[in-house]
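In: Here is a sequence with its predicted model. Questions after.
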Protein chains: 2
Amino acid sequence: MFQSGDFVIGVDLGGTKILAAAFEIGKKGGIKRASGQVKRKTPAGEGPARLVETIAEAVESIAASMAAEPGSGVCRALGVAVPGPLDRAKGIVRYTPNLGLENYPLAAELSRRLNLPVTLENDVQSGVYGELKAGALRGKKQAVGIFVGTGIGGGIVIDGRLYRGATGSAGEIGHMIVHEGGALCGCGNYGCLEAHASRTALAKDAVALASAGKAPGMLKAAGVNFRKYRSSAFAEALSGKDAAIAKAVDRAAFWLGVGMANLVNILNPEAIVLGGGVVARFGKRYLDGASAAMRARLMPGLADSVQVLLSELGDLAVPAGAALMALEAVVGAEASPGTEVVDGDTGEGAPA
Amino acid sequence: MFQSGDFVIGVDLGGTKILAAAFEIGKKGGIKRASGQVKRKTPAGEGPARLVETIAEAVESIAASMAAEPGSGVCRALGVAVPGPLDRAKGIVRYTPNLGLENYPLAAELSRRLNLPVTLENDVQSGVYGELKAGALRGKKQAVGIFVGTGIGGGIVIDGRLYRGATGSAGEIGHMIVHEGGALCGCGNYGCLEAHASRTALAKDAVALASAGKAPGMLKAAGVNFRKYRSSAFAEALSGKDAAIAKAVDRAAFWLGVGMANLVNILNPEAIVLGGGVVARFGKRYLDGASAAMRARLMPGLADSVQVLLSELGDLAVPAGAALMALEAVVGAEASPGTEVVDGDTGEGAPA
C-alpha cells in the first residue's frame, strides 16, 4: 500500500520546543532511521491556532526537504506526542498546563490543515513505544521505561506491548510515593518520586544552594533564575566540579533508584530503560548511583534478572514512537514485525 | 474426563496452620463451592517428613469425608500453596523461613505419598487467583490483589490473567518503599509497605504501648508476648475500645492506602481486592481509612476508575486458587470458562 520512499512524521510537542522527525516506511512495514528533523520553539501561551500553525509549518518544512531527495515518496501520516492526558480515540487533548490546551481537537485541526491522517499519543508512552519497537527495548517482553525531565513519566511493557491500564492511564510512576510526607510535589502530594528525583526537584535544591553562595559552578551556569535550571546548566555545573551540585545530583540518582526498585519488585521486568534530558546529560556516575540504590532494595533473585539500559534513540524516541503509532493507525494493525532500527542522527540531545 | 462428583483439593500451607479444602469439579470445568475443609497445626521446625505427613493426613481426612457422601467421586489433583519462592515447573520449594524447607521437592514427595498429581504455587498468587476465578475479582481484566497478614503480598491481574513477570517473581508489593528511611523491614530495608502496614508492623507498636501501660485492652488480650499479637487479639483490643490501639490501626490503614495509591497510579486497575487476616478482622473503619488515604493520592481521573473490594472467599481464597491451578495442570488448560462460584462455608476466618 506504500510506495518506496513514503514516510511518516512524528512530532514531540514539548513545553519549550517542538521536535518533528520524518521516518521512511520500511518495505515490511515499520520505520527506518530518521531521515530528517526540525526543531521549533513552542509558542506557549499564544493560543491553539498559533500552536497548530507552528506544528504544521514544522511538518511542511520537513516534508519539503524530504521531497527534495531523489526517490522520495509522500508523507502518509502524522503522529503527535502530547505532554498531558488525552482522548486518543477522539484525538482530543484534555489539558496541558504548559501549552494552554483544554479539550482541544488537535488531531482534527492538524488533519484539516495538513490533509493527513493524524493520531495523538501521550509523550512518555510514545517514547517508551519508540524504544520498544526501534530502540533499547527491542524484543523485550516485560519492561519499564522511565523518562526523567521536568517531571518523571513511565511506560510499562507487558508481553511485548504497551500496557494501558483499565482506562488508559497506566504508568504514572512519577507520582508513586517513595517518601510519604517528604518533598512537596507539583501534584499537591508529598514524597512522590517526581518530587525527589526530577530535574524540578533538583532545581529547587540547586537554586537555594546557588543563592546561598554554596554552588558557585551552578551560579555561574544559571544564576538564580529558576527557569534557567535546565539539564544543560546542571551538566555545565558538574563539568565545573561544583561539589554541592554533584551531591544534589547523587541524591536525585539515589531517589530514582528507590523508584526503580519499587517497579522491579512489583513488576519483575527483564529491563528498565532510562531516558529524558536528565539521564542523557548526567552520565555514568548518575546511572551507577541509581542502579546501586535500586539493587540494594530488590528481593532475592530480582537483581540478577533485570537489565538497566540507556535510551538508544535519545530525543528521537518520542517522535519515533508517535510516528510508529500513526503508521499503525493507517495500516490498521501493529507494524512491529518488520520494524527496522532507527539509528540515524539523534540530534544534540541524544545520550553520549 | 471427570466423573460426576470428582473433586480437587487445595491446601494453604501456612506458618502456623494448614488449611485443606475440597472443591467439586464443575460440569464445564472449574470448581464448585467448597465441599469440606480441615485444619491442622503446622509442625514447624519438625523437619520435612513430618510436614509432608501432616499435609497428607489432612488431604486423606478430607478425601475420606468426601467419599462418605452419596454420589461422591474421586480426588483428581492436589494444589499446595506455599509461603515463599518456589520453582513451579519442578515442584520445588526454594526456601520458607517459617517452615524450614530449602530446595525441597514437596510436589514429588506428596505425589508419591498420595498417588495424586500435585502442583505448587505461591500462597498470595493462589489467593489472588482464587478471587479472580471464583471471588471478588470475577470478570475483571486489570486488577490488583493485596493480602495483609504477618507480611503483605500481592498479585497483579493483566488482561484477565495472573501476571507473573519476567522470572515469575512479580507482585512483591510488600517491599515497595513508601517511606525511604522509615521503619525497619524484615527484608533488611527501611520503609517498605510491609514495615508500616502489616500486622507485624502493628504488633511492634502495640506491644510497646501495652508494655508501657498505654494500651490496656491490648495488654488484656495478648499480654506482652509478641507472638500473641495476632489479628484476633487486635480485634479483641479494638472491640474493648483501646484508644491507643485504634490509633495504631488507623495509622496502618493509612500506610496501606499509600501503597494502594502507588499501585493504582502505576497500574490503573479497575479493582483492588483486599484480603488476609488483618483486613478480615479490622472492619469498615480500617477499610475506609485505607481508601481515603489512597484516593487523596491518585492522579486526576483514577479515583473514579478504581473499585476497592473485600475478599469474597476469605480463608478459602488460597485453597481455591491452588485447587484451580492443580485442576488446570491436569486438564492442560485454563479451567476458567466454566468456573462456578465458590460460596460455601468459608470458615471461622472469613470476613464478616
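Out: The structure has been received and is ready for your questions. Please read all numbers here as calculations on a predicted model, not as lab measurements. Numbers count the residues shown, from 1 in each chain, chains lettered A, B, ... in the order given.
In: quick one, what contacts the residue of the stretch 251-352 of chain A found nearest chain B?
Out: Residue nearest to chain B within the stretch 251-352 of chain A: A:N268 (2.5 Å; Cβ to the nearest Cβ). C-beta coordinates here come from the backbone N, C-alpha and C atoms, glycine included. When contacts are counted by Cβ atoms under 8 Å, 6 or more residues apart in numbering or on different chains, A:N268 touches A:142, A:302, A:305-306, B:164-172.
In: which one of these sits closest to B:Q125?
Out: B:G171 (6.8 Å; Cβ to Cβ).
In: Looks to me like that closest one is in a helix.
Out: No: under DSSP: H, G, I helix; E, B strand; the rest coil, B:G171 sits outside any helix and is assigned coil.
In: Look up phi and psi at the nearest residue to it once chain neighbours are set aside.
Out: Leaving aside its chain neighbours, B:G171 sits nearest to B:G154 (4.6 Å; criterion: Cβ to Cβ, 6 or more residues apart in numbering or on different chains). The phi and psi values for B:G154, taken as degrees, to the nearest 10, are phi -150, psi 160.
In: which regions of chain A lie under the pLDDT threshold?
Out: For chain A, the stretches flagged by pLDDT under 70 are A:333-352.
In: Could you chop it up by domain?
Out: A:7-129+A:313-349, A:140-310 (automatic domain parsing).
In: The first one and chain B in contact?
Out: Spelled out, it's domain A:7-129+A:313-349. Yes: legend: contact between domain A:7-129+A:313-349 and chain B by Cβ under 8 Å from any Cβ of the partner chain is shown at A:P85.
In: So what's the gap between that domain and the chain middle?
Out: Computed by Cα atoms, centre = their mean, to the nearest Å, the chain-centroid distance of domain A:7-129+A:313-349 equals 13 Å.
In: Tell me the residue of the stretch 1-150 of chain A that sits nearest chain B?
Out: Counting by Cβ to the nearest Cβ, the stretch 1-150 of chain A gets nearest chain B through A:Q142, at 4.4 Å.
In: just checking, that residue touches B:A166?
Out: Yes: counting by Cβ atoms under 8 Å, A:Q142 does reach B:A166; the two are 4.4 Å apart.
In: any shared contact partners between these two?
Out: Common neighbours of A:Q142 and B:A166 (Cβ under 8 Å, 6+ apart) are A:N268, A:P269, A:E270.
In: Around the last one, count how many other residues there are.
Out: By the other Cβ atoms under 10 Å in any protein chain shown criterion, the neighbourhood of A:E270 contains 18 residues.
In: how about it, phi and psi?
Out: Torsion angles, degrees, to the nearest 10, at A:E270: phi -80, psi -20.
In: The closest residue to it other than its chain neighbours and A:A58, how far apart?
Out: Counting by Cβ to Cβ, 6+ apart, the nearest residue to A:E270 once its immediate chain neighbours are dropped is B:A166, at 4.0 Å. Distance of B:A166 to A:A58, computed by Cβ to Cβ, to the nearest Å: 39 Å.
In: Of all the residues in the longest strand seen in chain A, which ones are buried?
Out: Secondary structure of chain A per DSSP state E: the longest strand is strand A:31-41. Buried residues in strand A:31-41, defined by neighbour count with 16 or more other Cβ atoms under 10 Å in any protein chain shown: A:I31, A:K32, A:R33, A:A34, A:S35, A:G36, A:Q37, A:V38, A:K39.
In: what's it packed up against?
Out: strand A:17-25, helix A:48-67, helix A:317-331 (3 or more Cβ pairs under 8 Å, 6 or more residues apart in numbering or on different chains; DSSP states H and E).
In: Stretch A:252-265 vs chain B: in contact?
Out: Yes: counting by Cβ under 8 Å from any Cβ, chain B has neighbours in stretch A:252-265: A:W255, A:V258, A:A261, A:N262, A:L263, A:N265.
In: Just the residues you listed: which are in helices?
Out: The helices, defined by DSSP state H, take in A:W255, A:V258, A:A261, A:N262, A:L263, A:N265 from the residues of stretch A:252-265 next to chain B.
In: A strand includes A:E109, no?
Out: No: if the criterion is three-state DSSP, then A:E109 is helix and not within a strand.
In: Contacts only, for the residue of the stretch 101-250 of chain A found nearest chain B.
Out: Per Cβ to the nearest Cβ, A:G165 is where the stretch 101-250 of chain A lies closest to chain B, at 2.6 Å. Residues in contact with A:G165, defined by Cβ under 8 Å, 6+ apart, are A:G171, B:Q142, B:L267, B:N268, B:P269.
In: now the helices for the stretch 101-250 of chain A?
Out: A:106-114, A:123-134, A:193-197, A:199-211, A:216-222, A:231-239, A:243-267 (DSSP state H, counting those that start in this stretch).
In: Please tabulate the ones you listed in JSON lines, including the columns mean neighbour count.
Out: Shown next, in JSON lines, are the helices of the stretch 101-250 of chain A (neighbours: other Cβ atoms under 10 Å in any protein chain shown):
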{"stretch": "helix A:106-114", "mean neighbour count": "19"}
{"stretch": "helix A:123-134", "mean neighbour count": "30"}
{"stretch": "helix A:193-197", "mean neighbour count": "27"}
{"stretch": "helix A:199-211", "mean neighbour count": "21"}
{"stretch": "helix A:216-222", "mean neighbour count": "21"}
{"stretch": "helix A:231-239", "mean neighbour count": "20"}
{"stretch": "helix A:243-267", "mean neighbour count": "23"}
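In: okay if I get these as TSV plus distance to A:P48?
Out: Shown next, in TSV, are those (distance: least, Cβ to Cβ, whole Å):
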stretch	distance to A:P48
helix A:106-114	7
helix A:123-134	18
helix A:193-197	27
helix A:199-211	26
helix A:216-222	31
helix A:231-239	28
helix A:243-267	34
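In: and B:A212, which of those helices is closest to it?
Out: Closest among these, using Cβ to Cβ: helix A:243-267, at 33.1 Å.
In: Now do the closest one: distance to the chain's middle.
Out: 18 Å.
In: wait, isn't A:L298 in contact with A:N265?
Out: Yes: in this structure, A:L298 is within contact of A:N265 by Cβ under 8 Å, at 6.3 Å.
In: residues near the residue of the stretch 1-150 of chain A closest to chain B, how many?
Out: When neighbours are defined as other Cβ under 10 Å, A:Q142 has 23 of them.
In: contacting residues for it?
Out: With Cβ under 8 Å, 6+ apart, A:Q142 has these contacts: A:V157, A:I158, A:D159, A:L267, A:N268, A:P269, A:E270, B:G165, B:A166.
In: could you redo the last one with a cut-off of 6 Å?
Out: Shown in contact with A:Q142 (Cβ atoms under 6 Å, 6 or more residues apart in numbering or on different chains): A:P269, A:E270, B:G165, B:A166.
In: List just the nearest of those to A:L287.
Out: The closest of the contacts of A:Q142, once distances to A:L287 are taken by Cβ to Cβ, is A:P269, at 17.0 Å.
In: For B:V148, see how far away the closest one is.
Out: 25 Å.
In: again, but for A:L137
Out: 34 Å.
In: Could you check how far A:N225 is from A:V207?
Out: 8 Å.
In: got the residues of the stretch 151-300 of chain A near chain B?
Out: Proximity of the stretch 151-300 of chain A to chain B (Cβ under 6 Å from any Cβ of the partner chain) is limited to residues A:158, A:165-167, A:169-170, A:172-173, A:175-180, A:189, A:258, A:262, A:265-270, A:297, A:299.
In: Contact partners for A:N98?
Out: Here A:N98 is in contact with A:G15 (Cβ under 6 Å, 6+ apart).
In: same question, A:V80
Out: Per Cβ under 6 Å, 6+ apart, neighbours of A:V80: A:V11, A:L13, A:L120.
In: try 10 Å this time
Out: A:V80 is in contact with A:9-13, A:18, A:20, A:55, A:59, A:86, A:91, A:93, A:106-107, A:110, A:118-121, A:123, A:126, A:319, A:322-323, A:325-326, counting by Cβ atoms under 10 Å, 6 or more residues apart in numbering or on different chains.
In: What of A:L116?
Out: Residues near A:L116 by Cβ under 10 Å, 6+ apart: A:8-9, A:56, A:59, A:63, A:74-78, A:110, A:326, A:330.
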